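*Asks:* A predicted structure for the sequence below; I have some questions about it.
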Protein chains: 2
Amino acid sequence: MAKDFSTREENYSKWYNDIVQRAGLAESSAVRGCMVIKPYGYAIWEKMQAALDKMFKDTGHSNAYFPLFIPKSFFSKEADHVEGFAKECAVVTHYRLKNDPEGKGVVVDGDAKLEEELVIRPTSETIIWDTYRQWIQSYRDLPILVNQWANVVRWEMRTRMFLRTAEFLWQEGHTAHATEQEALDETYQMLDVYADFAENFMAIPVLKGVKSENERFAGAVETFCIEALMQDGKALQAGTSHFLGQNFAKAFDVKFASKEGKLEHVWATSWGVSTRLVGALIMAHSDDNGLVLPPKLAPIQTVIVPIYKNNTQYEAVLAKANEIKEALQEKGILVKLDDRDTHKPGWKFNEYEFKGVPVRLAIGPRDVENGTVEMARRDTLEKEIVSIDGVEEKVGALLAEIQENLYRKALAFRTENTRKADSWDEFKQILDEHGGFIEAHWDGTAETEQHIKEETKATIRCIPLDENKETGKCVYSGKPSERRVVFARAY
Amino acid sequence: MAKDFSTREENYSKWYNDIVQRAGLAESSAVRGCMVIKPYGYAIWEKMQAALDKMFKDTGHSNAYFPLFIPKSFFSKEADHVEGFAKECAVVTHYRLKNDPEGKGVVVDGDAKLEEELVIRPTSETIIWDTYRQWIQSYRDLPILVNQWANVVRWEMRTRMFLRTAEFLWQEGHTAHATEQEALDETYQMLDVYADFAENFMAIPVLKGVKSENERFAGAVETFCIEALMQDGKALQAGTSHFLGQNFAKAFDVKFASKEGKLEHVWATSWGVSTRLVGALIMAHSDDNGLVLPPKLAPIQTVIVPIYKNNTQYEAVLAKANEIKEALQEKGILVKLDDRDTHKPGWKFNEYEFKGVPVRLAIGPRDVENGTVEMARRDTLEKEIVSIDGVEEKVGALLAEIQENLYRKALAFRTENTRKADSWDEFKQILDEHGGFIEAHWDGTAETEQHIKEETKATIRCIPLDENKETGKCVYSGKPSERRVVFARAY
């Protein structure tokens, strides 16, 4: 089945790219580092957006939209931010093209040079905090709870579809608060929203933790994150929530009059997830037969394939298939009936299996006679014959079971691939033999983290927020440590 | 009431800007020509998006996403397109900034110059048709029915919030077909979708027609449009649907093998509406008391304002207000209960009136006693006392009535402001005294249209698709004409 594409064992990286392309999720474009998100891939992103947007609104946030362009000078206003973000980015220098005097198409019009160059937003803290200065005068104007769905550009040298592209789609929340505690509460709340989404929609268990200084967002006081484990044993940062303190308020002079009438700088958070999540989704669940999607994010939750040899059969089978389709739709199940006669049932079976459709129903003339249908699940590839009577209940239950099973499987995989290392040799051995998450003691210094990264390519994914404190000695330096942190090689 | 802002009579243009700003819809940003869409304005756009997106999907379209950047050379491939779009646009020439050697922030890194400049998309025909070449081999791959929600940039010199901004948000549909007829059918279908949306959601009557050559989209064979009339008598193009023929297929070499095995160029359409519609919405219905929103696009359909003097009253009033809120929510009405004690009821009345909330319910201690509530409608400013019992039915009916009333009013306004001109003097007189739509004969030449534009600033808004043919003489040249066309000064 589908043997013209790589298995995970043969070539994990090629397996990933094959799925992205053959399942019709995305492809590279004529512009270096930018991808085209194809309809099926975009439909997954739309389902992610809808679920997240509802969670944001349920927690009191509104959407807004800020400019794509950021004046170059804005980046210099927050000292750390400039180091992290002003470097690899797309710069607009001119605002006009003209006909080539030599007749070869169009050329940049040298007369139309901008006085100040504009940077395509790599993230929007600067332009947003420049705006918030106008919005905030008094404590009555706070909190501001705003989110933006947008495209951003970071000029990455090595790109990979969904995981790292020059342009990508994301959401970025930017909130403003009167007190430090309120901003911290928001930071944690949004981290919880992300973890909830990852586990209950994406069916991917995640570690919640705080980043070490090396991995912190440029301009943040603390960066919190959710970290997931992929099937090749590499970690993937799936979302971040930043406590920005008063850094951006100070950089952009945003103050408010408190209830007591004092003028104070505003406290801030920002938080985001991106189309990278589609990459995480692919890598977490898919197998050597193609994409596997959790039902809650599947654009098609159930496909119905009719099987017939002649016109009489076709009519009887299709009538029944349509009945089933309607029954499923009434239950709110996203169902597709593929009645094209340009493709054979076997081809369709492969196609939807490859595209990760959670449940497939096949119905032929004998099924119509018997009042039955074949129900196949994508996660385990198991099939059973069920009665058409009440099939919508069975499909509904099966979709829920698949959602849970994918999570259980991913959790079991992570548990198997989370190991404690108590010596440097053990650390390196685990990394080379298994990969995965390594819980190890660390002396808390950026130097040690840097040494470990240089020697092994592993980084601290996070310092978990759980309460499992335990003293020990740093696996690298032998210096005292208060708790284990989580290392891994990462995407 | 709200006398610190302009009336339509005093200064129409300032009245518009005052509404945009004071109702919290948008504001200008630090980047020339780019606006910030504030939460309340963005919520209106989100409601428009949701309604349109459903209509697109119901007619078989899927969403996808294509790169923000277009290689400069792409614009030269379609001869007309380059004239129309490659000129006033944002050009990315570099991909890196570096620290200023003189220590003044960051500067463009001269070493990071792109080999080929990238243009920020002003519209995406070129990059999309470059992509479709990969997607289309056979008639089996057709039709392609794709839409994109995206930001685009056109470096406009004179900008105006929502109506004309350098960056704006829009959707652009791009479809590919095997036959000319199918592409034409799609062009008309999407024009109808737009007209349906304008009339049934925005409550704005529109003329459907075809553009003259002067006003045609650069690269199209025919441009169809919907045209609306604003309260100052100026027209506003509210949406366009283009029949592109085989122009882009030829420019980007997109061919398919037909059923008969012949290699043929693909037929194309594109169609779009933008955040400009928010501007149209404001200008079509609002009055000297602020914004007026049709209920179907109002982020808040009903606001409840509690009135009380002391704590005992507060509790009784709020309990009842909450009951009403729940009853309305159960009916699917978007309701806000403003129970803030930082603002007085009178302030709230003004605020929600200015923000165009269609229905306001006010409830005080006496209402609680009597089982009544005051129900006020924003369109006519009429109030009545109604029983709390069954209030959700009354509000639901009133919202429907307001939606219809706004359309009726706008239609009556358009009817009053559509006049026939049969001589050049009459034409100019109508334009100067009334504005509005002028139905006049035209000789069909671009020259005449250009002369009329130069002398009066009026352009042909469209050649209506209706069947009202009537021969006559061109209002300007006196040459024979087959039918009247519609002129107006326009946004």
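*Replies:* Ah, there it is.
*Asks:* in the stretch 251-400 of chain A, which spans are strands?
*Replies:* A:255-257, A:263-265, A:267-274, A:302-306, A:335-337, A:359-363, A:372-377, A:383-387 (DSSP state E, counting those that start in this stretch).
*Asks:* how close does A:Phe75 get to chain B?
*Replies:* As defined by CB to the nearest CB, to the nearest Å, A:Phe75 lies at a distance of 6 Å from chain B. The C-beta positions use only the backbone N, C-alpha and C, and glycine is treated the same way.
*Asks:* now for that residue: which residues touch it?
*Replies:* A:His81, A:Val82, A:Phe85, A:Ala86, A:Val119, A:Thr126, B:Leu97, B:Gly105, B:Val106 (CB atoms under 8 Å, 6 or more residues apart in numbering or on different chains).
*Asks:* next: A:Pro101.
*Replies:* By CB under 8 Å, 6+ apart, the contact list for A:Pro101 reads A:Val107.
*Asks:* on the three-state scheme, it is what?
*Replies:* coil (DSSP: H, G, I helix; E, B strand; the rest coil).
*Asks:* ditto for A:Thr131
*Replies:* helix.
*Asks:* that one: neighbour count?
*Replies:* Neighbour count for A:Thr131, taken as other CB atoms under 10 Å in any protein chain shown: 24.
*Asks:* any idea how far it lies from A:Ser73?
*Replies:* 15 Å (CB to CB, to the nearest Å).
*Asks:* what ranges do the helices span in the stretch 151-300 of chain A?
*Replies:* Here the stretch 151-300 of chain A has its helices, by DSSP state H, counting those that start in this stretch, at A:180-200, A:247-251, A:276-285.
*Asks:* of these, which is nearest A:Met230?
*Replies:* A:Met230 lies closest, by CB to CB, to one member of the helices of the stretch 151-300 of chain A: helix A:276-285, at 4.3 Å.
*Asks:* which of the contacts of A:Phe75 lies closest to B:Lys344?
*Replies:* A:Thr126 (37.5 Å).
*Asks:* contacts for the helix or strand of chain A with the lowest mean pLDDT?
*Replies:* Of the helices and strands making up chain A, the lowest-confidence element is helix A:79-85, at a mean of 76, by mean pLDDT, DSSP states H and E. Applying CB under 8 Å, 6+ apart, the contact partners of helix A:79-85 are A:75-76, A:122-123, A:125-126, A:154, A:217-219, A:247-248, A:251, B:105-106.
*Asks:* with stretch A:128-135 instead?
*Replies:* Applying CB under 8 Å, 6+ apart, the contact partners of stretch A:128-135 are A:66, A:74, A:141, A:144, A:146, A:148, A:174, A:176, A:248-249, A:251-254, A:266, A:268, B:27, B:29-30, B:36.
*Asks:* report the buried members of those.
*Replies:* The neighbour count (16 or more other CB atoms under 10 Å in any protein chain shown) marks A:66, A:74, A:144, A:146, A:148, A:174, A:176, A:248-249, A:251-252, A:254, A:266, A:268, B:27, B:29-30, B:36 as buried among these.
*Asks:* does A:Glu72 touch A:Leu118 like I think?
*Replies:* Quick fix: residue A:72 is Lys, not Glu. Yes. Assessed by CB atoms under 8 Å, A:Lys72 is found in contact with A:Leu118 at 7.0 Å.
*Asks:* now list whatever residues contact both of these two.
*Replies:* The contact sets of A:Lys72 and A:Leu118 overlap at A:Val91 (CB under 8 Å, 6+ apart).
*Asks:* name the residues linked to the spatially closest residue to A:Gly472 that is not a sequence neighbour by a beta bridge.
*Replies:* Leaving aside its chain neighbours, A:Gly472 sits nearest to A:His441 (4.0 Å; criterion: CB to CB, 6 or more residues apart in numbering or on different chains). For A:His441, the beta-bridge partners are A:Arg484 (DSSP bridges).
*Asks:* identify the residues contacting A:His441.
*Replies:* Contact analysis of A:His441 by CB under 8 Å, 6+ apart lists A:Asp422, A:Gly472, A:Lys473, A:Cys474, A:Val475, A:Ser481, A:Arg483, A:Arg484, A:Val485.
*Asks:* once you drop chain neighbours, what's closest to the single nearest residue of the stretch 251-400 of chain A relative to chain B?
*Replies:* Chain B sits closest to A:Thr342 of the stretch 251-400 of chain A, with a gap of 6.1 Å, by CB to the nearest CB. In space, and not counting its chain neighbours, A:Thr342 is closest to B:Arg140: 6.1 Å by CB to CB, 6+ apart.
*Asks:* also A:Asp100?
*Replies:* A:Val107 is the one closest to A:Asp100 (CB to CB, 6+ apart), at 4.7 Å.
*Asks:* ok, that neighbour - contacts?
*Replies:* A:Leu97, A:Lys98, A:Asn99, A:Asp100, A:Pro101.
*Asks:* nearest residue to the first one in space, please, no chain neighbours.
*Replies:* Computed as CB to CB, 6+ apart, the closest residue to A:Leu97 that is not its neighbour in sequence is A:Val106, at 4.3 Å.
*Asks:* contacting residues for the one you found?
*Replies:* Counting by CB under 8 Å, 6+ apart, A:Val106 touches A:Leu97, A:Lys98, A:Asn99, A:Asp100, B:Lys72, B:Phe75, B:Ser76, B:Val82, B:Ala86.
*Asks:* could you redo the last one with a cut-off of 10 Å?
*Replies:* For A:Val106, the contact set (CB atoms under 10 Å, 6 or more residues apart in numbering or on different chains) comprises A:96-100, B:72-73, B:75-76, B:82, B:86-87, B:89, B:91, B:117, B:119.
*Asks:* tell me the one of those residues nearest B:Gly239?
*Replies:* Minimum distance to B:Gly239 across the contacts of A:Val106 is 22.0 Å, recorded for B:Cys89 (CB to CB).
*Asks:* so that closest one: helix, strand or coil?
*Replies:* coil.
*Asks:* tell me, how many residues neighbour it?
*Replies:* Around B:Cys89 there are 26 other residues, counting by other CB under 10 Å.
*Asks:* how far away is it from chain A?
*Replies:* 7 Å.
*Asks:* now do the phi/psi pair for that residue.
*Replies:* Backbone torsions of B:Cys89, given as degrees, to the nearest 10, read phi -150, psi 160.
*Asks:* got it, and A:Gly435?
*Replies:* With angles defined as degrees, to the nearest 10, A:Gly435 sits at phi 70, psi -150.
*Asks:* which residues does it contact?
*Replies:* Applying CB under 10 Å, 6+ apart to A:Gly435 gives the contacts A:Leu229, A:Met230, A:Asp232, A:Gly233, A:Lys234, A:Ala235, A:Asn417, A:Arg419, A:Ala458, A:Ala488, A:Arg489.
*Asks:* filter those residues down to the buried ones.
*Replies:* Buried members of these, scored by 16+ other CB under 10 Å, are A:Leu229, A:Met230, A:Gly233, A:Lys234, A:Ala235, A:Asn417, A:Arg419, A:Ala458, A:Ala488, A:Arg489.
*Asks:* can you put the helices of the stretch 151-300 of chain A in JSON lines and add mean pLDDT and distance to chain B?
*Replies:* JSON lines is the format used below for the helices of the stretch 151-300 of chain A (pLDDT from 0 to 100; distance: least, CB to the nearest CB, whole Å):
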{"stretch": "helix A:180-200", "mean pLDDT": "98", "distance to chain B": "17"}
{"stretch": "helix A:247-251", "mean pLDDT": "96", "distance to chain B": "12"}
{"stretch": "helix A:276-285", "mean pLDDT": "98", "distance to chain B": "11"}
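*Asks:* spell out for me which residue occupies the centre of chain A.
*Replies:* Centroid-nearest residue in chain A, with CA atoms, centre = their mean: A:Leu277, separated by 1.6 Å.
*Asks:* I am finished for the moment; much appreciated.
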